[in-house]
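Chemist: Sequence isn't available, so here's the structure alone:
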């Protein structure tokens, strides 16, 4: 088996001991199981090196990056990125198409990520602006950056600082040669103030809601 090269390989374990690696015969991907258990990065890397398929996408368009960002596994996110798994804007469907799992990895980062994770993704993610989209229940999912204000791991000052960093990075990365477009779209990236963030949840929810009825 070459590293991560066989989408049909699954590894079986008895506790911490590896029994064998064999075709998975549609039993799913063992990396998903381990990442849900928040396995160590060493175990995760070992599984990839044994040949478990790290490009796995399930029937609902959920990737390993979705799960790594859901659990804020910073080292796993970076490792997957180093393997070419850089689509932070993949939109789920099917059974995962509901709130809060009906979100992109970028949404997960801004909702659940530590300051360290948010900083790294803002710097490295190739795309930092997700489209607004409806899930199958008719809810409108707003662009990922608006979810940063609801991140319970961050202080208000950290949220404002990260928002400033994010907006500047978006401007440089996506609007560098389009000043006219930035003039039109910049209002969508208004940086919240301390006063905004100190409002009751219901008012913040109306200001930059997780989702709205159409």
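Modeler: The structure has been received and is ready for your questions. None of these values were measured; they are calculated from a predicted model.
Chemist: any idea which helix is longest in the chain?
Modeler: helix 156-174 (DSSP state H).
Chemist: Could you check how far that helix is from the centre of its chain?
Modeler: Put simply, helix 156-174 sits 17 Å off its chain's centre (Cα atoms, centre = their mean, to the nearest Å).
Chemist: With stretch 50-57 instead?
Modeler: 18 Å.
Chemist: Straight-line length of that stretch, end to end?
Modeler: One end of stretch 50-57 sits 19 Å from the other (Cα to Cα, to the nearest Å).
Chemist: tell me which residues of that stretch are tucked away?
Modeler: Within stretch 50-57, the residues that count as buried by 16 or more other Cβ atoms under 10 Å are 50, 51, 52, 53, 54, 56, 57. From N, CA and C alone the C-beta is placed, and that goes for glycine too.
Chemist: contacting residues around the residue most central in space within the chain?
Modeler: Centrality entry for the chain: nearest residue to the mean C-alpha point is residue 105, 1.7 Å, by Cα atoms, centre = their mean. By Cβ atoms under 8 Å, 6 or more residues apart in numbering, the contact list for residue 105 reads 63, 65, 66, 68, 69, 87, 88, 89, 90.
Chemist: Any idea how many residues pack against the last one?
Modeler: In this case it means residue 90. The tally of other residues near residue 90 (other Cβ atoms under 10 Å) stands at 17.
Chemist: That one and residue 143: what is the separation?
Modeler: 15 Å (Cβ to Cβ, to the nearest Å).
Chemist: Next: the fifth one.
Modeler: When Cβ to Cβ is applied, the distance between residue 69 and residue 143 equals 16 Å.
Chemist: Which one's more surrounded, these two?
Modeler: A count of neighbours by other Cβ under 10 Å puts residue 69 above the other of residue 69 and residue 143, at 28 against 19.
Chemist: Now do the more buried one, the pLDDT please.
Modeler: In this model, residue 69 is scored at 95, pLDDT.
Chemist: Leaving out the residues flanking it, which one is nearest to residue 197?
Modeler: residue 156 (4.4 Å; Cβ to Cβ, 6 or more residues apart in numbering).
Chemist: show me what contacts that neighbour?
Modeler: 194, 197, 198.
Chemist: Same list as before, those residues that is, but in a markdown table and with neighbour count included.
Modeler: Formatted as a markdown table, these follow (neighbours: other Cβ atoms under 10 Å):
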| residue | neighbour count |
| --- | --- |
| 194 | 10 |
| 197 | 18 |
| 198 | 11 |
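Chemist: Dump those residues to JSON lines, plus secondary structure.
Modeler: Shown next, in JSON lines, are the contacts of residue 156 (DSSP: H, G, I helix; E, B strand; the rest coil):
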{"residue": "194", "secondary structure": "helix"}
{"residue": "197", "secondary structure": "helix"}
{"residue": "198", "secondary structure": "coil"}
